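> Based on what follows, work out the 3D shape:
(chains A and B, ligands or ions: 4)
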Amino acid sequence: MAYADTLPKQRSFGQTTRPDAWWVKPIFIFLGFSAFIIYSTWAAFQGNHYWLAAGGANYVSPFYSPEIFGDSPHAIFHGKPGFWPAWLPFSPALLILWVPGGFRFTCYYYRGAYYKAFWADPINCAVGEPRKTYLGERSFPLLIQNIHRYFLYIAVAFVILLAYDALKAMWFTDPVTGASHFGIGVGTLVMLLNVFLLSSYTLGCHSLRHLVGGFLDSKTKSPSCAKTYNCVSCLNSRHMMWAWFSLFSVGFTDLYIRLCSMGIWHDVRIF
Amino acid sequence: MNKTVTFRIWRGNSQGGEFVNYTTEITEGLVVLDVVHKIQATQANDIACRWNCKAGKCGSCSAEVNGVPKLMCMTRMDTLNTDKVITVEPMRAFPLIRDLVTDVSWNFRVKTKIKKFKPRPADAPDGTWRMQQEDVDRVQEFRKCIECFLCQDVCHVLRDHHKHDEFIGPRFLAYTAALEMHPLDTEDRLPELKQAQGIGLCNIGKCCTNVCPEHIAITDNAIIPLKERVVDEFYDPLAWIWKKIRPKG
Ligand code: SF4
Ligand code: SF4
Ligand code: FES
Ligand code: FES
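Ligands and ions are numbered 1, 2, ... in the order given. Below is the predicted model:
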């Protein structure tokens, strides 16, 4: 008799003897991720109101930075790239959003969370699954998740660019003289907090933890690796928390700048 | 203060069975195993239930309490809602012998297939080795394992998909991690981790970590780091170059 035939039969979808509300967590995760995906897709296709110059401010939305092609003062090249198909509405965000999108999609935390909330594999621990067959990450398509560290490399560069944006947001242009001077607005703080949260998420990455020292068995032979490994491990132990906080903060930073640019909210200068 | 509780216990063997309700009185400070023992002593002498230390250290009393894999001896009654019927049933990832007792011998067969510890030549003439505490800290976490196999039980790859022939389960991924990350070890277990031992079947949902009574961060500290080592070895072209020039350790 095959070993599998000696085991209790697989439970059907949702079948469990857990009396608790096991479905609450996957529903919240499903709603949280869906809300972000819908908002970010909508915001990415807008192609406007992603920067704020009113009041001398120098803010740009994280969904649109780096702005490789575009019309804002932050753009590296002006206009639309030549290769852009005419039928597709152009937005600078569409050129770059695959980086943070791919990074989060292949992140170990997000994988574990969306396999549960979006694919019910399993929907929660010790609860029956909808499918009999299972491939896991061993074969195509999920084998591709192993690309995660390459997304990490570009994501680190993006965080540096966003930090540069936050620095620029500390300089305001005088509308009369045109001179730049130091200042802090609520938007500056929003952008700084966003960079802090994004860095904490990115620098706590499991792949980074491996690359900076996890690959070594004797870290004491390389003290700099040991130190970095410990720092990354510290952030990594709360990776889920940073993942959620930073997800919320990028969305909010875009929303803040968008609403200020549309004149619905007004950016307050602190000094 | 005495209280009346009802336990719904699975009674049966590999051919089949059913839940049977037992109502009994409990006093303060009891654990689930105490209550099962009381029912065994007073109402159903033939309930099969495995236990040994009653201190959370032997890993024998694994079962599912209210649907969640737990050590019966470490599950205090005051953590459960005693106003409702409490379900106690055997683990589902292993064949049932009788009532709450399952045949976990598959785990021991799996373990024999994992390549043994292979230390480098001794560091000192007296045949001993030197290593730093900091370097062994990481593998010591995995040595806390009491082989209760609760993590194997909750893992859906085994529990639901019955991939016992293709996947060694979280317990043995942690065991492999303890060997593979050991500062003295020189063996290479990555090819079989990728192939026969099926690390790619784990989809990192962390159910194993959640049920581990020793609080071993199985997914974060054992499985994901091993997955990363498998990426180095088999999927990342830049890592192949880096391996030629990286610091050795
Ligand atoms: S994290 Fe992996 S090993 Fe642990 S329960 Fe989930 S699938 Fe199984
Ligand atoms: S890793 Fe934890 S849950 Fe798994 S067998 Fe060891 S002690 Fe039990
Ligand atoms: S594991 Fe989450 S960002 Fe890399
Ligand atoms: S009886 Fe030993 S762990 Fe429960």
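
> those helices in chain A, which residues are they?
When secondary structure is read from DSSP state H, chain A shows helices at A:24-46, A:92-96, A:98-105, A:108-117, A:148-168, A:186-202, A:206-209, A:223-236, A:239-261.

> What of chain B?
Listed in chain order, the helices found in chain B under DSSP H are B:32-42, B:105-112, B:133-143, B:150-154, B:156-159, B:169-180, B:190-194, B:207-211, B:224-234, B:237-245.

> could I get those as a markdown table with mean pLDDT?
Compiled in a markdown table, the helices of chain B are given as follows (pLDDT from 0 to 100):
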| stretch | mean pLDDT |
| --- | --- |
| helix B:32-42 | 98 |
| helix B:105-112 | 98 |
| helix B:133-143 | 95 |
| helix B:150-154 | 98 |
| helix B:156-159 | 98 |
| helix B:169-180 | 98 |
| helix B:190-194 | 97 |
| helix B:207-211 | 98 |
| helix B:224-234 | 97 |
| helix B:237-245 | 88 |
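
> Make a markdown table out of these and add mean neighbour count and distance to A:Gly70.
C-beta coordinates here come from the backbone N, C-alpha and C atoms, glycine included. Putting the helices of chain B into a markdown table (neighbours: other C-beta atoms under 10 Å in any protein chain shown; distance: least, C-beta to C-beta, whole Å) gives the following:
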| stretch | mean neighbour count | distance to A:Gly70 |
| --- | --- | --- |
| helix B:32-42 | 19 | 63 |
| helix B:105-112 | 14 | 56 |
| helix B:133-143 | 16 | 47 |
| helix B:150-154 | 29 | 49 |
| helix B:156-159 | 26 | 45 |
| helix B:169-180 | 24 | 47 |
| helix B:190-194 | 18 | 44 |
| helix B:207-211 | 24 | 44 |
| helix B:224-234 | 21 | 35 |
| helix B:237-245 | 11 | 31 |
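
> Please name whichever of those helices is nearest to A:Val156.
Ranking those by their distance to A:Val156 (criterion: C-beta to C-beta) puts helix B:237-245 first, at 14.6 Å.

> Could you check how far B:Val136 is from chain A?
Counting by C-beta to the nearest C-beta, to the nearest Å, the separation of B:Val136 from chain A is 9 Å.

> Excluding chain neighbours, what is closest to the residue of the stretch 101-250 of chain A at minimum distance from chain B?
When scored by C-beta to the nearest C-beta, the stretch 101-250 of chain A has A:Arg138 as its residue closest to chain B, at 3.0 Å. Once its chain neighbours are removed from consideration, A:Arg138 has its nearest residue in B:Gly200; the separation is 3.0 Å (C-beta to C-beta, 6 or more residues apart in numbering or on different chains).

> distance of the one you found from B:Ser62?
Here B:Gly200 is placed at a distance of 27 Å from B:Ser62 (C-beta to C-beta, to the nearest Å).

> what about the two, which has more around it?
B:Ser62 (29 against 22; other C-beta atoms under 10 Å in any protein chain shown).

> for the residue nearest to the more buried one when sequence neighbours are not counted, phi and psi?
Ranked by C-beta to C-beta, 6+ apart and with sequence neighbours excluded, the top spatial neighbour of B:Ser62 is B:Cys148, at 4.7 Å. Backbone torsions for B:Cys148, taken as degrees, to the nearest 10, come to phi -80, psi -20.

> Can you tell me which of the helices of chain B is nearest to ligand 4?
Closest of the helices of chain B to ligand 4 is helix B:32-42, at 6.4 Å (criterion: C-beta to the nearest ligand atom).

> For that closest one, enumerate the helices and strands it packs against.
Contact here means 3 or more C-beta pairs under 8 Å, 6 or more residues apart in numbering or on different chains; DSSP states H and E; on that basis helix B:32-42 packs against strand B:3-13, strand B:16-26, strand B:86-89.

> Buried deepest among those, which one?
Burial of the helices and strands packed on helix B:32-42 is given as mean neighbour count (mean count of other C-beta atoms under 10 Å in any protein chain shown); strand B:86-89 ranks first at a mean of 22.

> what's the offset of stretch B:18-29 from the middle of its chain?
The chain centroid and the centroid of stretch B:18-29 are separated by 27 Å, computed with C-alpha atoms, centre = their mean, to the nearest Å.

> now stretch A:185-204
A distance of 12 Å separates the C-alpha centroid of stretch A:185-204 from that of its chain, computed with C-alpha atoms, centre = their mean.

> Show me which positions of it end up buried.
Along stretch A:185-204, the positions that meet the burial threshold by neighbour count (16 or more other C-beta atoms under 10 Å in any protein chain shown) are A:185-188, A:190-204.

> Looking at chain B, which residue reaches furthest from the middle?
In chain B, B:Pro125 marks the outermost C-alpha relative to the chain mean, sitting 38.8 Å out by C-alpha atoms, centre = their mean.

> who touches A:Ala117 in this structure?
Applying C-beta atoms under 8 Å, 6 or more residues apart in numbering or on different chains, we find A:Ala117 in contact with A:26-27, A:29-30, A:33, A:123.

> Same check on B:Gln40?
Here B:Gln40 is in contact with B:47, B:49 (C-beta under 8 Å, 6+ apart).

> Next, work out how far apart it and A:Gly251 are.
According to C-beta to C-beta, B:Gln40 and A:Gly251 sit 56 Å apart.

> again with B:Thr27
Between B:Thr27 and A:Gly251 the computed distance is 53 Å (C-beta to C-beta).

> ok, now A:Tyr150?
Counting by C-beta to C-beta - A:Tyr150 and A:Gly251 are separated by 25 Å.

> Comparing these two, which shows the higher neighbour count?
Taking other C-beta under 10 Å, A:Tyr150 and A:Gly251 do not tie; A:Gly251 has more neighbours (18 against 15).

> In the stretch 51-200 of chain A, what residue lies closest to ligand 2?
A:Cys125 (12.4 Å).

> on that earlier part again, isn't the residue of the stretch 101-250 of chain A closest to chain B up against B:Asn203?
No. Between A:Arg138 and B:Asn203 no contact is recorded; they are 9.6 Å apart, counting by C-beta atoms under 8 Å.

> which non-adjacent residue is nearest residue 75?
The chain I'm using is chain A. Take A:Ala75 and drop its neighbours on the chain: the residue closest to it by C-beta to C-beta, 6+ apart is A:Glu67, 4.6 Å away.

> Chain B, not that one
Distances taken as C-beta to C-beta, 6+ apart place B:Val32 nearest to B:Thr75, at 4.4 Å, with adjacent residues excluded.

> Quick check, the one you found in contact with B:Met72.
Yes. Assessed by C-beta under 8 Å, B:Val32 is found in contact with B:Met72 at 4.4 Å.

> what do those two both touch?
Between them, B:Val32 and B:Met72 share these contacting residues under C-beta under 8 Å, 6+ apart: B:63, B:65, B:88.

> Identify the residues contacting the second one.
Looking back up the chat, that one is B:Val65. The contact partners of B:Val65, by C-beta under 8 Å, 6+ apart, come to B:32, B:72, B:75, B:80, B:86-88.

> Could you export the residues you listed as a markdown table, including distance to A:Phe45?
Listed next are the contacts of B:Val65 as a markdown table, based on distance: C-beta to C-beta, whole Å:
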| residue | distance to A:Phe45 |
| --- | --- |
| B:Val32 | 55 |
| B:Met72 | 55 |
| B:Thr75 | 52 |
| B:Leu80 | 51 |
| B:Ile86 | 53 |
| B:Thr87 | 50 |
| B:Val88 | 54 |
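
> Thanks a lot, catch you later.
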